[in-house]
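**Student:** dropping a prediction and its sequence here:
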Amino acid sequence: MARATKASTKTGKGPDTGVKARSGGAGREQLLKYYRDMLLIRRFEERAGQLYGMGLIGGFCHLYIGQEAIAVGMESIRKPGDQIITGYRDHGHMLAAGMESREVMAELTGRAGGSSKGKGGSMHMFSTEAGFYGGHGIVGAQVSLGTGLALANKYQDNGNVAFAYFGDGAANQGQVYESFNMAQLWKLPVVYLIENNQYAMGTSLERAASETHLFKRGVSFRIPGEEVDGMDVEAVAEAGARAAEHARSGEGPYILEMKTYRYRGHSMSDPAKYRTKEEVDEVKKTRDPIDHLREKLDVAKVTEDELKAIDAEVKKIVADAAEFARTSPEPQPAELYTDVYLEAAE
Amino acid sequence: MTDILMPALSPTMEEGTLAKWHVKVGDTVKAGDVIAEIETDKATMEVEAVDEGTVEALLIDAGTEEVKVNTPIARLSGDDEAPAPKADAPKVESKAPETPKAPEPADEGEGPAPVLPKKTLKDPEVPDGAKMVTITVRDALRDAMAEEMRRDDKVFLMGEEVAQYQGAYKVSRELLQEFGDRRVIDTPITEHGFAGLGVGAAMAGLKPIVEFMTWNFAMQAIDQIINSAAKTLYMSGGQIKSSIVFRGPNGAASRVGAQHSQDYSAWYGQVPGLKVVAPYDAADAKGLLKAAIRDPNPVVFLEHEMMYGVEFDIPDVEDWVVPIGKAKVRREGADVTITAHSRMVGLALKAAEELAAEGIDAEVIDLRTIRPLDHETIVESVKKTNRIVCTEEGWGPMGVGAEIVARVIEHAFDYLDAPPARVHQEDVPLPYAANLEALSLPSVDKIVKAAKAVCYK
């Protein structure tokens, strides 16, 4: 893995992208919360995969397993009113943002109890309350939309930052650069988070990108960027706090390239011919974000009983979500015609 | 006790091969442990344990082919406090949802598309003695934006050359001076990007007006208009609205060639979630643009470059707002109905004058709104005239006229005394040469000929 390099001329401490346990700034409570939230995402996604296999979830289903540290680390530094927007690998972000497991799972099964009443599906969930603006299925579209959220923040002078997530695949879309340009030109409060899981569907970064250090992609727009170990929740939070501060203080956008890895296929029907099982196993064995955190929990003298209690709580939440998603009724046929238009005021 | 079922790798998979077991009877597993591998001709997938437990039985041998999806393949025992999905669940749950019955048309006027709640839409009354002032379409549009920007701080204008240059067609003249660069924003030439920024700002609660220098350039941005602006309210179950106006000149200008001369009425008119407006005169340009800015939905507002400099009388009243979704009978007549929108309305009115000289009394309907289409007004007219000519500047196939003809046939078939006729651009990219351009575009003469043909004269 490439070592950290700052793409900007700004000075500052480069992130440590090593995977060994190291002392972060988080206290014991924060570490426990990281553990709980990351475990919830993993168990939720595992269950989603199972429900998909049973035919309860249809269409596309993109799982976040392996990438949990990013959504959870960033959530720890998000301030009230800050917005999140992402692409279609979105369940982890929703849960991290505080959306109800039940509503997310029931949306996956296309039920009336789902977050979008069953009308959106895996790729299209939203919660203004949680500051989560989707959930977008067109690769790269969320980058322009997220920059627009930042435009609204600046317009209203509300002190908020928009966090726009996209993958290494979306990093090659033209509108990403159109957005970078305007964001820096107008000093918009947006942090671009590139979740580089190394594969855009079946195409490795090396086969798709002439410059594989994606944190440098802002250089010609004068946007600073950093590479971050996206498997280390504390490293994510530290870099995220720095980037958010930059954006919030009126300095404009910031790019964080989160080096990560997805354990599962691109979607459920992925033949996985483009990478070896050994490669996947090696990452699981040596870089797993939850195992990595457990080492830190050991250092912080968290007991096995404390972790078991969290395991049990998470298990219960996920089982409850799955049961709700299985038993919630399908939407009423009349819902077919609702939410197409809002009625104009008189 | 939990049965583990043969999973599906995709919605279309019906069976697969149980390639390998990773566990044996008596093994203890926990949630997420890989217990088996299954294969199809396309993919390989690992099967995970649903919950903790001990493997009690392997029900299918490794290497077995053609194992049907949802067949129990293994059994786990263990205290299973979690209500894992039971083996019979998929049978109950995966049955096809009942196809919702399409609702019966509420009445004759209801179209096949989900339309807005029915309301009686009326043009604002012009008060007795109201002064009429003469104004260009260009200034009417500018005044509409200025009034709405004064009324609501959430409204702002962004686009290429809208601020310092004062508008490529001078539609935003003097707005920068009044509202400043926070609310009148010059963008780089980057349609896809700034359309996306506009929609994002709308999702955050602002009310952007996004100007495209022409609608031709908006093809770069059409994904954001349709996939993001039009669909998100629905996909979010009603949570995220996009109150945004996309506006700019549409259709053929004069001798600017094929790439700069296209009418997008039919394109956007097809998309649920969008409203599509195309005014003709200054009063409608102002009143409909004000309505569009206030509308909580995304509105595609199609102007016409050839109309910007045309002067019309407009009532000098405060807050002139014309409702979206209501056509206007521009000329009453008994013999044939002619529909038109945008610049074509002027051609249709001229054609009606020529027809009158030949003893044919034409009724001219200005559609004003393409979506939702006010077909009630058209159908009522056809019931009276029994004949219809649909005109539009765009291409004919799958066009606005094609849609109107379909609705007339659906709702007034028995009233027709002649097959409906369409007048539109010839089915070619618009040529540059003056003579060919004129031949390609619809004209007064073509409308007259079509009207006479449906009147068998």
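**Tutor:** Right, received. Where do you want to start?
**Student:** so which bits of stretch B:22-38 are buried?
**Tutor:** Residues B:23, B:29, B:31-33, B:35-38 are the ones in stretch B:22-38 that count as buried (16 or more other C-beta atoms under 10 Å in any protein chain shown). Where you see a C-beta, it was placed from the backbone N, CA and C, and this is true even at glycine.
**Student:** contacts for it?
**Tutor:** Judged by C-beta atoms under 8 Å, 6 or more residues apart in numbering or on different chains, the contacts made with stretch B:22-38 from elsewhere in the structure are A:42-43, A:46, A:315, B:4, B:6-7, B:9, B:16-21, B:44-58, B:62, B:67, B:73-74, B:76.
**Student:** buried subset of these?
**Tutor:** Those of those that meet the buried threshold are A:42-43, A:46, A:315, B:4, B:6-7, B:9, B:16-18, B:20-21, B:44-53, B:55-56, B:58, B:67, B:73-74, B:76, by 16+ other C-beta under 10 Å.
**Student:** among those residues, which are in strands?
**Tutor:** Counting by DSSP state E, the members of the buried ones among the contacts of stretch B:22-38 that fall within strands are B:4, B:16-18, B:20-21, B:44-48, B:53, B:55-56, B:58, B:67, B:73-74, B:76.
**Student:** just those residues that are near chain A?
**Tutor:** Under the cut-off given by C-beta under 8 Å from any C-beta of the partner chain, chain A has B:44-45, B:47-48 from these close to it.
**Student:** kindly indicate which of these lies nearest residue A:175.
**Tutor:** Using C-beta to C-beta, residue B:45 is the member of those that sits closest to residue A:175, with 33.7 Å.
**Student:** so that closest one makes contact with residue B:9?
**Tutor:** Yes: in this structure residue B:45 lies within contact range of residue B:9 using C-beta atoms under 8 Å: 5.1 Å.
**Student:** what touches both of these two?
**Tutor:** Counting by C-beta under 8 Å, 6+ apart, the residues touching both residue B:45 and residue B:9 are A:53, A:268, B:38.
**Student:** can you lay out the residues you listed as a markdown table showing distance to residue A:220 and pLDDT?
**Tutor:** Supplementary listing: the shared contacts of residue B:45 and residue B:9 in a markdown table, determined by distance: C-beta to C-beta, whole Å; pLDDT from 0 to 100:
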| residue | distance to residue A:220 | pLDDT |
| --- | --- | --- |
| A:53 | 45 | 90 |
| A:268 | 38 | 80 |
| B:38 | 47 | 86 |
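**Student:** and of the residues you listed, the nearest to residue A:69?
**Tutor:** Comparing those against residue A:69 with C-beta to C-beta places residue A:268 closest, at 22.9 Å.
**Student:** got the phi/psi numbers for residue A:229?
**Tutor:** For residue A:229, the backbone dihedrals are phi -80, psi 100 (criterion: degrees, to the nearest 10).
**Student:** repeat for residue B:126
**Tutor:** phi -90, psi 120.
**Student:** hang on, isn't it packed against residue B:315?
**Tutor:** Yes: with contact defined as C-beta under 8 Å, residue B:126 and residue B:315 form a contacting pair (4.5 Å).
**Student:** may I have stretch A:322-337 as CSV, with CA atoms only?
**Tutor:** What follows is the C-alpha trace of stretch A:322-337 in CSV, where atoms were taken according to Å, rounded to 0.1, in the frame of the first residue of the first chain:
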residue,chain,number,x,y,z
ALA,A,322,-35.1,-9.1,9.9
GLU,A,323,-38.4,-10.2,11.5
PHE,A,324,-39.9,-6.8,10.9
ALA,A,325,-38.7,-6.8,7.3
ARG,A,326,-40.2,-10.3,6.7
THR,A,327,-43.6,-9.6,8.3
SER,A,328,-44.2,-6.0,7.3
PRO,A,329,-46.9,-6.0,4.6
GLU,A,330,-46.2,-5.1,1.0
PRO,A,331,-47.2,-1.5,0.1
GLN,A,332,-50.9,-1.0,-0.7
PRO,A,333,-51.5,-0.9,-4.4
ALA,A,334,-52.7,2.7,-4.0
GLU,A,335,-49.2,3.6,-3.1
LEU,A,336,-48.3,3.1,-6.7
TYR,A,337,-49.6,6.6,-7.5
